[in-house]
Structure formats: C-alpha cells, structure tokens
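1. With the input below, show me the fold.
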Amino acid sequence: MNSRWLPAALIPAVVVAGAVIAPLGATAAVDLPDIAAGELLELVATSEADVFSGTIEQKSDLGLPDLSGFSGSGASGSGPESDIASALELLTGTHTARVFVDGPDLARVQVFDQLAERNIVRNGDEVWLYDSTDRTATHVLLPADHDERHDAVPDAGAVLTPGELADRLLTELDPSTAVTVGTDATVAGRSAYELVLAPRDTETLVGSVSIAVDSETGLPLAFEILARGQDTPAFRVAFTDLALESPDAALFAFESPPDATVTERTAPEGPKPDSGTAEAPEYTVSGKGWSSVVELPTGVLPADLVASPLYTAATEPVGGGRLLSTALVNILLTDDGRVFAGAVSPEQLLDAANAR
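-> Next up, the predicted model:
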C-alpha cells in the first residue's frame, strides 16, 4: 500500500467500517412529499443513476495539527516527508474533483491539487492512475471477477464520491445505528431528502452521518460526518454541480504523457481475504459497530517514513507509541510497528494494543 495515502484512506474507511443531527449543509430548502426512513434507504439501494458528470468538493475540519510552516511539508517532491504531507493535505482544507461516469465500466476522476492534478480512469477492465506531481502512471489490468469485487480497483488517494461513501456505510448498517429522515434541501440544483444515521454507541467519536439523496433518482448528492459534540461537519463531500447525461467518450481514452514513468500491474484473481484493496495489507478488527478498532500489522509503515521529522511533528507521544489525533478518528502507531485506528478515544486504542 502506498504510504502516501495511508492516513487519507483510514479516515473515511474507519468511520464507515463501524457500521449530526443537524441540517445538511445545503441551500434553498424545499418541501418534498413525506418519506419513511425505510423507503429512503430503498430509494438509494435501487438507484440506477450511473450516467452523470459533475464537480465534487471535499471539505475537512478534523483538527489536525497545522504543519503549513514545517520545512519540507510541501506536496511536491518525493520521500517520506512528502508522503506524509500529501496524505495530511488531503484531509485538510478544501479539495475539488471532476467526476465522469458512464455506466459501470467507464469512469474518470480528476483531482485538482495545488499546481498539480491526479487522474483515475477506468475503461472496461483497464485502470490508469496518473499523478502529474511526479509524472508517474500505473496501468492496471483488472481480473475477470472485478465486477463482484470492491478490492479490484486500487486506491489512488482520490476524493470519493458521495455515492461511494454512502455505499460503504449503508452496506454495513445494523441495529447499532438509528436511521431517520432529516430536512429536505437542494444540493447541486437538485431537490434532496436527508438520510440521517446516528450511532447508538456513546463510545464512538462519530456524532452522526447525513446523506443528501436525490429525490428523483436516489443518487447520493452529499455525505457529511459530524463529530460528537460538534455542530459543524468534520468531513463533507458534496456535488456542487451535476449533469445526468453521458460524458464525452474521449474522457475515458487515457494516454500516458510521453515523459511519464509507467508501471504495469495486473490485479490478482480472486478476492484477498480480510483486505480493503488489492494493494492493502491484511488487517484485523476488534470490537463491534461504530467502536470497532482496525489493526494493521508490523511493517505497514516504512522505516524511513517513521523516522521522518514531519511524522514526529504530525503525531504526539503516548505510552507505547505515537498518536495521530483527529476529531473523528484516532490512529495509534505503536513502538513495535503496529497501527491501530478507530473512531474511538486514544485510551480505547491503547487498550486494544495492550490486549494483543
């Protein structure tokens, strides 16, 4: 797994693996026909809106340390400090992406970084990942069973769509979550219901999750998470504009720039047990529901990354390791090289580490 994206992948993944009450951050309130929570869940589950293009904005206010003045923390360049800085940058401030989807096999995401751009393009059984920062491209040939596998397409640290986040969370719904319907609103010019998911578990850092659902198609238009005790979203992804029509076919015919360093890779056949992506290491989960703790084994983080001064600046010492603390997720990196993460308190992570 690319160390650059480890913290970036863990924040949303840990939050949704566990499975506000405030109006979704949208404008122009509307008055839609009443709908029951179960009916709204069914509207999302049966949505066939898989042809669209639009702009997505991600905003994060996780309470991460300010490293803007730290020497070497720029996103350009390579090495462990750049890897950490890039991962933390994705979890702070505002990020914009253009998304193009034409059915299940054609998709493109363009993530706009400062003075750079990342592209993730899927065309049938082929995926291209391109980062203009270091002019690197990876060409992945997907396995025959990729349609049944969520782990077949590699994680590229991209901004996820509201639909992808909603799907990861809603597939894990169980009685530990209270499901209600919130306030009707308008998102990206479209009327939307608000689906509110609130953990019954008082030990989790998550206060609630709100999903804006297009009233006509069932497509999730916005996804936001409130930390417990806070009244503004700690994490929000939403469409700012949306067109429900086929994008230009040329967008899915990616050609690597002549000066790019290209890596060829074939995803393995068959699912990898207990892993999140084709590149991810095996992990174990302790606890249940929203208070689950994910453990990654020794060796996930390279030694040179752990030795980086920026790693030290981004974390704080705790008994037995170092802690990366956010409003929604805490990540414990133990002295023996293990990683524990969860939407729980640092004390709960330390208990989990000491129990193994």
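2. and the helix or strand that residue 198 is a member of, what does it pack onto?
-> Using DSSP states H and E, residue 198 sits within strand 190-199. Judged by 3 or more CB pairs under 8 Å, 6 or more residues apart in numbering; DSSP states H and E, strand 190-199 is in contact with helix 37-45, strand 177-181, strand 185-187, strand 206-214, strand 220-227. C-beta coordinates here come from the backbone N, C-alpha and C atoms, glycine included.
3. so residue 310, which of the three states?
-> helix (DSSP: H, G, I helix; E, B strand; the rest coil).
4. Next one, pLDDT for it please.
-> Looking at residue 310, its pLDDT stands at 79.
5. burial count for it?
-> Residues near residue 310, counting by other CB atoms under 10 Å, number 21.
6. separation between it and residue 301?
-> Applying CB to CB, to the nearest Å, the value for residue 310 to residue 301 is 13 Å.
7. Residue 31 now?
-> Taking CB to CB, one finds residue 31 at 51 Å from residue 301.
8. Of the two, which one has the most company?
-> More crowded of residue 31 and residue 301, by other CB under 10 Å: residue 301, with 20 against 7.
9. mind checking pLDDT for that one?
-> Looking at residue 301, its pLDDT reads 75.
10. buried set for stretch 195-215?
-> Applying a neighbour-count criterion of 16 or more other CB atoms under 10 Å, one finds 195-199, 201, 204-215 buried in stretch 195-215.
11. That stretch: how far from the chain's middle?
-> Distance of stretch 195-215 from its chain centroid, counting by CA atoms, centre = their mean, to the nearest Å, is 16 Å.
12. returning to that earlier point: output the strand holding residue 198 in PDB with nothing but the alpha carbons.
-> Extracted in PDB, the C-alpha atoms of strand 190-199 (Å, rounded to 0.1, in the frame of the first residue of the first chain):
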ATOM      1  CA  ARG A 190     -31.500  19.200  -7.300                       C
ATOM      2  CA  SER A 191     -34.100  18.500  -4.600                       C
ATOM      3  CA  ALA A 192     -32.900  16.000  -2.000                       C
ATOM      4  CA  TYR A 193     -34.100  14.100   1.100                       C
ATOM      5  CA  GLU A 194     -31.700  13.900   4.100                       C
ATOM      6  CA  LEU A 195     -31.000  10.500   5.400                       C
ATOM      7  CA  VAL A 196     -29.600  10.700   9.000                       C
ATOM      8  CA  LEU A 197     -27.600   7.900  10.600                       C
ATOM      9  CA  ALA A 198     -26.800   8.200  14.300                       C
ATOM     10  CA  PRO A 199     -24.800   5.700  16.300                       C
END
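13. what's the angle from that strand to strand 220-227?
-> Strand 190-199 and strand 220-227 are oriented at 30 degrees to each other (axes from the mean of the first three to the mean of the last three CA atoms, to 10 degrees).
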